[in-house]
Each structure stands twice: as structure tokens, then as C-alpha cells.
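> Have a look at this prediction, sequence included:
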Amino acid sequence: MKKFLIMVLFGLFSHLVFSQQEGDTLKLTREYKDSLFIDEVEKPRSNQKPKVLHAEPLYIDLIRDLGARKGEKEWNIGMGMQDMRRYDEFEALIEYEWAPIDRLGLEVELPLSMYSFRNGNREGTIPANRLESLKLATQYTFLVSEKSNISLALGYIHEFELVDLNKLGKGQTFKGNIYNPFFVAAKRWNTNYHTLIYTGPVIEKEFDKKANFGYQINWNFHYMVTGTRNFIGMEINQELEGDKIWTTLRPQMRLGLAENLMVGIVSAIPIGQPDAGLGSFVRIIYEPGFKAIH
């Protein structure tokens, strides 16, 4: 009996030791994969400058990666729907981003909005369908700290607002301008956790009308899965105008379908907005030439 108890205790002790070793090995494997992947993405090639890997928000996205390298490029196609109680708002976009030199990103985007009454309801009016604007943007990463895993950038978006679709080709094409300078600060904590803030004023000026002033603050928190660019997280979009503030929570996830192809899935949860319900958005991201070790 004594020998049997000794054998049982020895077996339990061996199992605990083995489980601990297996857990430690798995942890080390995850850390190795993360280090390998991050090193592959961040490591400069030829005369390129270093960069830090950050999780990029999916709804209000950046103009190329922070610390972009010369030659990087990306195509985005986005589609979404928002419940506006009396009607539905459908949005779509196509954009092209590229980096002509290290740390400078440029973007051209065409956003489209279309509207439809809900459940056959025809009461009241809905906004007109429109190609929102011709959007041109630039972003320069002026600080990349490899030691602290921090990147800081300044950028500017200019939108040439277009008239409604039913008015295109019948006279005036553009109806005004939107001016949006912005600041971005991002930090990666350890290897998996990412935070980012994207903020700046928005000035909308239609021809022959008074300018409207607003301010945007976009908060972002993400967890990136070990050894990949897949992540889950939360994007919080806030718009301030006068004494009013609109907040929308956007839980989201990004999945890699191939080395250079990803899809982002976003939900919209408006806070304190009685005229807006739940929404959804999908972004397809294609990066020609991107390769990384997995």
C-alpha cells in the first residue's frame, strides 16, 4: 500500500512538472513567434527607416501604416449599413494608399452613401444618394521609437464635396470643402496589446454658406493574436460640435486570409443617439507585395 501511494504521488508530481514544462514551452513558443513576426515586419531593408508594428483601426483608418516605408501600397474596399430608424443608410468606399518615400503616406478615396426607406415607410424625407467627395489625404510619421514602441504622426485630409447623384452633370459638380488636419499617437504594449488615438478638428465649408466647426476624437484598443496581424478590439468614435457630442462604439476584428489579404469586420453601437440604431461595416484590405514569416 505504501509503495502504491508513493507511486501515485510520484505520478501526480511528474504530471504537474510536465504540465508546467509544457505550459512554459508553449509560452516560449508564442513569444518566439511574436518576436519573429514583429522583427520581420519592423526590420529595415536596404536604406529604409525602422518602423513599429501597430494595430490600425478599421472604420476610421490611417493613411498607410505609421512609419510607412517607400513602396508600400494598399487597396481598400469597404461596405456598410447603418439603421437610422426611419430609413437605412448604406455606405461604400474604395481607396488606394501608397508611400512614395519612407514615413510618408498618401491616399485617394471615393466614399458613396445611399439611402432607403424601411419596411415600405414613405413618411418624411431621406437624404439624397451621393458620391460624398473626392478625398485626398497625407500622413507623415515624425517619430518612431523602437525602444518605447511608440509612433507619432501628423496628417491632413481634404475633401472636395460633390453634389447629389441626381444633380451630377447638370451644372455645378462640387458644393464645398472639408478641411481635417489630424494627429495620431500609437503605442504597442509588450507584443500583443495596442492603443492608438486619432484626433483633429473638422471644418466643413459649403460654397456661399457659413462654415461648420467640429472636432473628432477616436480611441482605439486592440489585442493582436500571437504571430499574426489578426486582432480583436474596440474603436470609439466621438464627434464634438458646440455643446453636443456623439459617441459610437465599434467592436471589431481583423482576419488574415492570405499574407497580403485581410478582412475587417466592424459593428456600430451608437450611444445616446435616438435617431440611430445598430450598424455594420466590412473592409477588405489588399497589400500588394506584403510578405511576412508566420
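Everything's here; your move. Residues are numbered from 1 along each chain as shown.
> all contacts plus neighbour counts: C-alpha atoms, from now on.
Noted.
> any idea which residue sits dead centre in the protein?
The centre of the chain sits closest to P57, judged by Cα atoms, centre = their mean, with a distance of 1.8 Å.
> so it touches I236, yeah?
No. Contact criterion Cα atoms under 8 Å: P57 and I236 do not qualify, at 9.6 Å.
> Report the set of residues contacting both of those two.
Shared contacts of P57 and I236 (Cα atoms under 8 Å, 6 or more residues apart in numbering): N220.
> Can you classify the residue nearest to the centre of the chain by secondary structure?
Classification of P57 by DSSP: H, G, I helix; E, B strand; the rest coil places it in coil.
> got a list of what it touches?
Counted by Cα under 8 Å, 6+ apart, P57 has contacts 220, 235.
> quick one: low-confidence parts of the stretch 101-250 of the chain?
Residues of the stretch 101-250 of the chain meeting the criterion pLDDT under 70: 120-124.
> quick one, strands of it?
Taking DSSP state E, counting those that start in this stretch as the criterion, the stretch 101-250 of the chain carries its strands at 104-117, 130-131, 133-145, 150-162, 174-189, 193-206, 212-224, 231-241, 244-258.
> Which residues in the fourth one does the neighbour count mark as buried?
Using 16 or more other Cα atoms under 10 Å as the burial criterion, the residues of strand 150-162 that qualify are 150-162.
> Could you do the fifth one as well?
Residues 174, 176-188 are the ones in strand 174-189 that count as buried (16+ other Cα under 10 Å).
> will you turn those into JSON lines that also has distance to D65?
Shown next, in JSON lines, are these (distance: Cα to Cα, whole Å):
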{"residue": "F174", "distance to D65": "30"}
{"residue": "G176", "distance to D65": "29"}
{"residue": "N177", "distance to D65": "26"}
{"residue": "I178", "distance to D65": "23"}
{"residue": "Y179", "distance to D65": "22"}
{"residue": "N180", "distance to D65": "19"}
{"residue": "P181", "distance to D65": "17"}
{"residue": "F182", "distance to D65": "15"}
{"residue": "F183", "distance to D65": "14"}
{"residue": "V184", "distance to D65": "11"}
{"residue": "A185", "distance to D65": "12"}
{"residue": "A186", "distance to D65": "11"}
{"residue": "K187", "distance to D65": "13"}
{"residue": "R188", "distance to D65": "14"}
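> now, the most widely separated pair of those residues?
F174 and R188 (41.0 Å; Cα to Cα).
> Closest one to K49 out of the buried residues of strand 150-162, please.
S151 (12.8 Å).
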